[in-house]
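# predicted coordinates and the sequence they were generated for:
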Amino acid sequence: MLRLPDFQYHAPRTVEEAVALKVKHGANAAFVAGGTDLLPNMKRRIRKCGHLVDVSHIDELRSAGAFEGGLRLGAAVSLEEAASNEAVRTVCPAYAEAALLVATPTIRRMGTVGGNLCLDTRCLFYNQSYEWRKGIDFCMKADGTICRVAESSPKCIAVSSSDTAPVALAAGATIELCGPGGKRAVSADSFYLGDGIDYMAKKEDELLTALVIPDQTGAQSAYVKVRARGSIDFPVIGVAVWMRRRSSDAPVEDARVVLGAVFPDPREVPAAAEALIGRALDAESIRDAADAAFRAAKPVDNTDGALSWRKEMIRVSTKRALERLGSAR
Amino acid sequence: MSGNRVVGKPHRKVDATAKVTGRTLFAGDLSLPRMLHCKILRSHTAHGTIRSIDLTKALALPGVVAGLTGNDLPIPFGILPVSVDEHAVAIDKVRFTGDPVAAIAAETEEAALEAVRAIEVEIEPLAQIRSIEEGLAVEEPRIQDYGPRGNIHKLVNLEFGDVDEGFAEADLVREDIFFYGGNTHLAMEEHASVADWSPDGKLTLYSSTQTPHYVHRALSKVLEMPPARIRVIACPNGGGFGGKSDIFNHEIAVAYLARLTGRPVKIVLTREEVFYCHRGRHPVLMRVKTGVDRNGAIRAMAFDTLLDGGAYGSYGVASTFYTGALQTVTYDVKRYRFRGARLFTNKPPCGPKRGHGTPQPRFALEIQLDRIAEQLGLDPAEMRLNNLAPPNSVTANYLKIGTMGLGKCIEKVVEGSGWKEKFRMLPYGKGVGIACSSYLSGAGLPIYWNRMPHSGVSLKVDRGGGVAVFCGSTDIGQGSDSVLAYITAEVLGVDPMEIRVVTADTDLTPVDLGSYSSRVTLMTGNAALQAAEKAKDLLAKGAAKKLDVPAGELVFAAGRVFHAADPEKGISFAEAVGAAEALFGTIGTVGSYTPPATAGRFKGAGVGPSPAYSYSAAIAQVDVDMETGRVGVEKIWIGHDIGASINPTLVRGQVEGGVYMGLGEILMEDMAYREKRNVVHKTPGMLDYKSPTTLDMCDVETYLVEEPDPNGPFGAKEVGQGPLLPVPPAVANAVYDAVGVRIDEVPITPHKVMRALREKAATGEGRFGPKKFPSVDWGEPIAVAPPWEDGNGRPKEKKEDRG
Amino acid sequence: MRSERTIDGPGKIVLSFTVNGTGVEIAVARHKTLLEVLREDLGLTGTKHGCELGECGACTVILDGAPVLACLVPAAACTGARVETVEGMAVGPALHPLQDEFAEAGAAQCGYCTSGMLLAAKNLLESNRDPTRDEIRRALAGNLCRCTGYLQIYEAIERAAARMRGAT
């Protein structure tokens, strides 16, 4: 049986207590809520933490609902709760769609809004047991020095595998953090850094407390996920699209196209948005946007699914996501 | 069959309540006082020479009690007598990443794990053999030091009739190349074993094994202990599918460590380690040549197969023969040639997975027949009906066919699916495909040569009315314990749920060879039937005396024994036992089963014979997404010639489970390796090795064709493996019907479909699959004249026929 | 409320929680998961494990009313919690309708995924008394079974649901 290494468990009741515990134990502590990402990594001896700071019992992280015309989702709200929340389904249905596509029903009940945003980047060379990784002489993300996917790569290219993060970016969301120095908010766009190891702007001592999605009046969004099976799997491609227009035949005023499961971060493709802005959403503009997304993508061999196919699926998924918006009004 | 009260009717399994209440004890659920926990150090290198191994630091850690290295157990073992090439832990050499190197027993699993990580091993790397092609080409280094040459483990070359003459007579000859990728059993239960050493020097091993008898023999040999001092108990298996039918390193290791420490020792493998145990589907590269006349009748067939065997022999010699054995049992092939080779490579060993060696050639042949039908403008279902192997016949390769219900299976699925309205008529993107298969109901010969029964049952009835059935068979979820109860209950007229079934315990139960080759229902069923009939005979004599009626006129039913003409005149079953005990003394009977003699007398004739063959036909309907290449299987209609159902609910469960596993193989499952520098399994876990979820499984319509086979108990044939076989090619043929591309490689991933669609758009024809078949020196064939050429099953004298 | 007590110095904690309706107080190694405590410390081996990484669903149990994967729940997080396992489904000798129908329909072949399937199904029926086939498929989408192809499992759940609604 695969077992956890030794650790001490803490269940603080306030954000301040949680942060204080983290400060006290430093890098030897980790925040945890659902545990569905961290615990497997601990069992595989990828993550070593002597202290688990469980934030799932902190009341202020557990509320979700309408907020300033948009939404505010506490970090410890489960993905299942978020997906079935009436306000979420009304204001930003794409977020609900994405949350419902995560893993399995049980994991969605355990996993949280904050956890999915903080999901460790993934790689078939990394999400393996200590013994397996020893067989490839480790990789730079854990215990080793070079990247096994692309050996000349100066940085880790493990993949952002969150389903909800691309939607957060596309919807222009803000992420709230709380650290020893107090609270701050960063745009989802600047939260992710594009490096497989240092993949998010959250400082070591900071706790992600909420996801804030701004007023979506007049906006539409959609998320398309590609994975091997109908359930369980992480995305091998995720595409979130967002746009604003006055009516279904009016030109697109503003748009964002964000790719998931390709880069170490959910990656916005400005060229795809530009292909839409100022034009009606029709077969032609959709094709141009999908082509732009396709050109921007550089999948590498670190998830399941063949590379060339995954790249092609970006085109198809972008198209399908945009077509859904087209048919939505 | 209508007179039966139990057999042929839906009944709960005898262990159903235990299973739904969590009370079934699997090996991993066992815990004994003073028990130690074992962990195995496995090689991080795919091929290398062990220069040194030092347990000093490991043994000094807190809680560590004992260790095992290769030299402690120098005697090799292996499931087949021709490939005895395994050790509990490696001696001198490691052959794949995951090969056991040392083992530790400690007070806790955590301490054992720490100790294993503290073992110091120095391994000098050797060149790695990564593929079929390298296995053929690389003479040195050799992974194993046996086999005809280099890294060839087994080479077969058999010819039945003049195949070239057959091709010359044919109107159409096709040659195609196929590749069937490897996959694994992925039973939900991870292998576990507990060994217990008693103060009087006896060993008990509880294990998740499908073959306790073979484990028993191996333990005796390796530990140099008389079999009588060893007891092997196969716990209910949490799924087997062939993955627990070898003798495993960890079983030997815990037995040794229990003897060494005098304490119970337990091991539960991690899922990753289960991937290293493997013994799953061989990747097979195939070249198939078939000649037909203009009506589609097969004139000759030549099958060449190359198997990627992994690093050890396992069942591989049998697997190799199986890739060539059953083509002739399905279709009438008058001239047949089979050449096959199994290569050693530095990967976990392949072995028997559900369908053992036959899904691969089935995939190749059924797709090729689909192509031939198209070329000749024939309906592929009709063409198959016109090529059926005749019942009660002997094939070109000397397999004796008895009942043969494939025609009815085809008719059922053709009708049920609406085939005639669908084939080549559905809108682009949707399609249907058909495929057929056959499988054995138990191997005709045992794994080690002997003339003893393959299955034994002993039966005890007592004056309290209790009935206990003892049999060495192992319930792996298929319901074999229940089959013993149903058959016994049918004969003795008692409630099957009242029967005590004691199985898979080498101390208590007569030998049954194991739960493999779909042999259990037929063989243990016949043994149970015999034992029950003997007991019934004794009881009838006792009851006859008491009731003063002729024994032959007594009926056993509803827990009573009564006169057929006057049901009121009777006694309870318990009273009948009492009457028999008064006459004969304590009542105990035995039954045993040995398959009928086989017909072939050439080397290799031992693989393929069976007392009865089951048949299946499947039609798959698919919906192919042209933009993503994703194949959605909407429904599968499957007809299975079961002979007769012992319990239709369980039969249906086996059919649907087989379809499920076939679907996983054709759509997603892939035993993939990374081969750069060091060969490692790419995805040894349940997230990345893809097993179909509820959302990937299709609807299934099952038709049972029941035509009782005289060799089966109550006419029953197998169902555990056969229904998997037609599924992969039926899906592949349906994909062609849907979008006009041929995917000649398993699994059919969206990527391959997209590649083929692109090729079709560019050139008008789309195919994804292997293009080359390496040249192989097959050596001289063993030529055997088929029965209709006055053959006697023996090889021909060399000169006469080759001129 | 959910603070843990440490005994014997580092390494062990006292865990008090409710399992199948019975209060339990037990000292366990603090790094253990709920799965390990149930199986190894409480002898409730009905909860199975197939991967220990949250990938197969075999260890599904109900924690405070919702299904969880016991292999990914630190036991220490269960202080004060209510846990329900397969051993708690039957009332005395009377099987839960789901258990009864699983037995009847042949839905448990090897039986290894069965406990997790039963608890996932029980959770479904608590919020949806009359699920469609598709809703059942979705609810079980995280529970792998290698034996049945799932179909007899669906049938068992449908029959149990009907019985529980009083429809049969």
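Sure thing, it's come through.
# contacts and neighbour counts: CA atoms only from here.
Will do.
# and the residue of chain C that's closest to chain B?
Distances between chain C and chain B by C-alpha to the nearest C-alpha are smallest at C:C110, namely 3.4 Å.
# what strand or helix carries the most centrally placed residue in chain C?
Closest residue to the average C-alpha location of chain C: C:V61 at 2.5 Å, with C-alpha atoms, centre = their mean. Take DSSP states H and E as the rule and C:V61 turns out to sit in strand C:60-63.
# any regions of chain B where pLDDT drops low?
For chain B, applying pLDDT under 70 flags the ranges B:1-2, B:798-803.
# can you tell me the closest non-neighbouring residue to whatever residue of it ends up closest to chain C?
Of all residues in chain B, the one sitting closest to chain C is B:G477 (3.4 Å; C-alpha to the nearest C-alpha). Once flanking residues are discounted, B:G477 sits nearest to C:C110: 3.4 Å by C-alpha to C-alpha, 6 or more residues apart in numbering or on different chains.
# with A:V258 instead?
Closest residue to A:V258 apart from its sequence neighbours, by C-alpha to C-alpha, 6+ apart: A:E268 at 4.1 Å.
# circling back to that earlier point, and the helix or strand just after the strand holding C:V61, what does it pack against?
Sequence-wise, the next helix or strand downstream of strand C:60-63 (DSSP H and E) is strand C:66-69. For strand C:66-69, the packing partners by 3 or more C-alpha pairs under 8 Å, 6 or more residues apart in numbering or on different chains; DSSP states H and E come out as helix A:105-110, strand C:60-63, helix C:114-127.
# highest mean neighbour count out of the ones you listed?
Comparing these on average neighbours per residue, with mean count of other C-alpha atoms under 10 Å in any protein chain shown, the densest one is strand C:60-63 at a mean of 26.
# tell me what that one is packed against?
Right, strand C:60-63 is packed against strand C:66-69, strand C:82-84, helix C:114-127 by 3+ C-alpha pairs under 8 Å, 6+ apart.
# give the pairing partners of the second one; include direction for each.
Read it as strand C:82-84. Sheet pairing for strand C:82-84, assigned by DSSP bridges, gives strand C:12-19 (parallel), strand C:60-63 (antiparallel).
# tell me the helix or strand right after that strand.
Under the assignment DSSP H and E, the closest C-terminal helix or strand after strand C:82-84 is helix C:97-105.
# so is that next one next to chain B?
Yes: Helix C:97-105 reaches chain B (C-alpha under 8 Å from any C-alpha of the partner chain) through C:99-100, C:102-105.
# just the buried ones from those?
Taking 16 or more other C-alpha atoms under 10 Å in any protein chain shown as the criterion, what is buried in the residues of helix C:97-105 next to chain B is C:99-100, C:102-105.
# for the nearest residue in space to B:I298 that is not next to it in sequence, give me its contacts.
Spatial nearest neighbour of B:I298, excluding adjacent residues (C-alpha to C-alpha, 6+ apart): B:V292 at 4.3 Å. B:V292 sits next to B:167, B:170-173, B:298-300 when contact means C-alpha atoms under 8 Å, 6 or more residues apart in numbering or on different chains.
# kindly report the same for C:T47.
Counting by C-alpha under 8 Å, 6+ apart, C:T47 makes contact with B:22, C:35, C:38-39, C:58-61, C:85-86, C:115-116.
# please apply the same query to B:L522.
For B:L522, the contacting residues are B:441-442, B:711-713, B:716-718, by C-alpha under 8 Å, 6+ apart.
# show me which positions of the strand or helix carrying it end up buried.
In the assignment (DSSP H and E), B:L522 maps to helix B:520-547. Within helix B:520-547, the residues that count as buried by 16+ other C-alpha under 10 Å are B:520-545, B:547.
# would you map out the domains in chain A?
Following automatic domain parsing, chain A resolves into domains at A:59-119+A:159-213, A:224-328.
# can you list those in CSV and add mean pLDDT?
Supplementary listing: the domains of chain A in CSV, determined by pLDDT from 0 to 100:
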stretch, mean pLDDT
domain A:59-119+A:159-213, 97
domain A:224-328, 96
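# figure out which of those is closest to B:P595.
Set against B:P595 and scored by C-alpha to C-alpha, these come closest in domain A:224-328, at 43.4 Å.
# buried sites along stretch A:288-305?
For stretch A:288-305, the neighbour count (16+ other C-alpha under 10 Å) marks A:288-297, A:299-305 as buried.
# quick one: residues contacting A:H51.
A:7-10, A:25, A:28-30.
# hmm, 6 Å instead?
By C-alpha atoms under 6 Å, 6 or more residues apart in numbering or on different chains, the contact set of A:H51 is A:7-9, A:29.
# fine by me, thanks again.
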